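Enquirer: test case, fold it:
(one chain, ligands or ions: 1)
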Amino acid sequence: MHRPLENAIENGVEVMTGAAFLDFILQDHKICGVRTNRGDFGCRWAINSAGVNSDEVMHKAGVRPEFKINTRRGEYYILDRSEIEMGNILFPVPTGVSKGILVFWQHPREMCWLDPNSQEAPDKEDKAVTSQGFI
Ligand SMILES: Cc1cc2nc3c(=O)[nH]c(=O)nc-3n(C[C@H](O)[C@H](O)[C@H](O)COP(=O)(O)OP(=O)(O)OC[C@H]3O[C@@H](n4cnc5c(N)ncnc54)[C@H](O)[C@@H]3O)c2cc1C
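Expert: Got it, this is the predicted structure:
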């Protein structure tokens, strides 16, 4: 299977891994480059695709400082085959804050997954498993 990244590389895109975005380089209030921990790079266009950090990247360009991404953490609950066996995926009704909790049986691991819940997690790096998640 041909993935988009492989396709981009074949078409001359140079990928730099482990490069953390630090700031934009501005000239006459326009972005003309990006500063990373691996050096500065000039550009005509900059695409912000930093996922949950894209609000912070956007703020570095001076755009919408009031906009904030409120992150949520999803926990998975896994049962083994001695506890439950099922044939069909149970699709949930979405809630106001999540797609709801899906129940499905995974082959070949033979485990039943219930996931994800949706907990408020103001710290974007918070990957904790919580006791509330069991409820
Ligand atoms: C457990 C889990 C299961 C999911 N399952 C599904 C699913 O089944 N179907 C579905 O449609 N979606 C699913 N999602 C959601 C999906 O993964 C996200 O919506 C999608 O990955 C978001 O893509 P993105 O490119 O915006 O951000 P991301 O995929 O998060 O990519 C952002 C990238 O930016 C990088 N980055 C961030 N900050 C910086 C910085 N300062 N400098 C440099 N790089 C930076 C990050 O390292 C990352 O590589 C799931 C998510 C999770 C967590």
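
Enquirer: how close does Glu10 sit to His2?
Expert: If you measure Glu10 against His2 using C-beta to C-beta, to the nearest Å, the figure is 9 Å. No exception for glycine: its C-beta is placed from N, CA and C like everyone else's.

Enquirer: doesn't Phe41 fall inside a helix?
Expert: No - looking at Phe41 with DSSP: H, G, I helix; E, B strand; the rest coil, it is strand, so not inside a helix.

Enquirer: give me phi/psi at Ala50?
Expert: According to degrees, to the nearest 10, the main-chain angles of Ala50 amount to phi -90, psi 20.

Enquirer: looking at the nearest residue to it once chain neighbours are set aside now. What's its pLDDT?
Expert: Nearest residue to Ala50 in three dimensions, chain neighbours excluded: Val57, at 4.7 Å (C-beta to C-beta, 6 or more residues apart in numbering). Taken from the predicted model, the pLDDT recorded for Val57 is 98.

Enquirer: with Lys99 instead?
Expert: With respect to pLDDT, Lys99 has a value of 88.

Enquirer: what does Ile135 give?
Expert: 64.

Enquirer: close to the ligand: what parts of this protein are there?
Expert: 20-21, 49-51, 53 (C-beta under 6 Å from any ligand atom).

Enquirer: dump those to a markdown table, plus pLDDT, neighbour count and secondary structure.
Expert: Shown next, in a markdown table, are those (pLDDT from 0 to 100; neighbours: other C-beta atoms under 10 Å; DSSP: H, G, I helix; E, B strand; the rest coil):
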| residue | pLDDT | neighbour count | secondary structure |
| --- | --- | --- | --- |
| Ala20 | 97 | 10 | coil |
| Phe21 | 98 | 16 | strand |
| Ser49 | 95 | 8 | coil |
| Ala50 | 96 | 14 | coil |
| Gly51 | 95 | 10 | helix |
| Asn53 | 96 | 15 | helix |
